[in-house]
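Q: just need the structure, nothing else, for what follows:
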Amino acid sequence: MPPENNPMDGDRLPTARPVRRPRPARTSRVGRWARAALVAVAAALAVVFALAWRIDPYGPDGTPKRMSTHTQLGLPACNFVEWTGRPCPSCGMSTSFALLVRGDVGASLRANWVGTLLALTWAGVLVWAVLSGLAGRLLFVRPGRGELVLTAAVGVFVVLMLGRWAGVLLQ
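A: Prediction:
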């Protein structure tokens, strides 16, 4: 063996090099189906806010209602209320949305403060979905974390809704 290739040469011992795995791009692009889904989410949320605008959340005397405004959309009255005389965990959410889109934040909070938070969150999600669809990537969500973010958000709102309901029932 020639001396320059001799593995026993002390100055030229082979060394291990760390394997560099490619990191996922922070700005990974989404495909057409994902972009279409973002547009569909934005459109669905826009419909929710349009329906909230269609509901009249005020009584004949002008005072804000607290619940049951969803019946104006042709939906049935809440069975839970009819059977128990007590509100269900989501009672007042439609009213809360309708009051919030009119800028009546205080009345919206009194109708169902979790509904107010949900409406504000959905307004943010609507803007995010449009911007993410235009950008072709999920803004502010690290690749591979979308399911985690969605699951955590749903979990937080379920806990808040049930906590509010417990408070209402204990009054």
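Q: quick one: list the elements packing against the longest helix along the chain.
A: Of all the segments of type helix in the chain, defined by DSSP state H, the longest one is helix 105-135. With contacts taken as 3 or more Cβ pairs under 8 Å, 6 or more residues apart in numbering; DSSP states H and E, helix 105-135 sits against helix 32-54, helix 93-101, helix 146-170. Yep, even glycine has a C-beta here, placed from its N, CA and C like the rest.
Q: was I right to think residue 42 contacts residue 134?
A: No. In this structure residue 42 lies outside contact range of residue 134 using Cβ atoms under 8 Å: 10.3 Å.
Q: so for those two, which residue has more residues nearby?
A: Shown here are residue 42 and residue 134; by other Cβ atoms under 10 Å, residue 42 has more neighbours (19 against 12).
Q: any low-confidence regions in this protein?
A: Within the chain, the segments meeting pLDDT under 70 span 1-11, 23-27.
Q: if you set the cut-off to 90 instead, what comes out?
A: Scanning the chain for pLDDT under 90 picks out 1-32, 34, 136-138, 141-147, 171.
Q: against residue 96, how distant is the nearest residue to residue 66 once chain neighbours are set aside?
A: Using Cβ to Cβ, 6 or more residues apart in numbering and skipping residues adjacent in sequence, the residue nearest residue 66 is residue 111, 4.9 Å away. Shown here: residue 111 relative to residue 96, a distance of 4 Å by Cβ to Cβ, to the nearest Å.
Q: those two - which one has more neighbours?
A: residue 96 (32 against 26).
Q: please name the nearest non-neighbouring residue to that one.
A: Leaving aside its sequence neighbours, residue 96 sits nearest to residue 115 (Cβ to Cβ, 6+ apart; 3.1 Å).
Q: so what's that neighbour up against?
A: For residue 115, the contacting residues are 90, 92, 93, 94, 95, 96, 97, 100, 108, by Cβ atoms under 8 Å, 6 or more residues apart in numbering.
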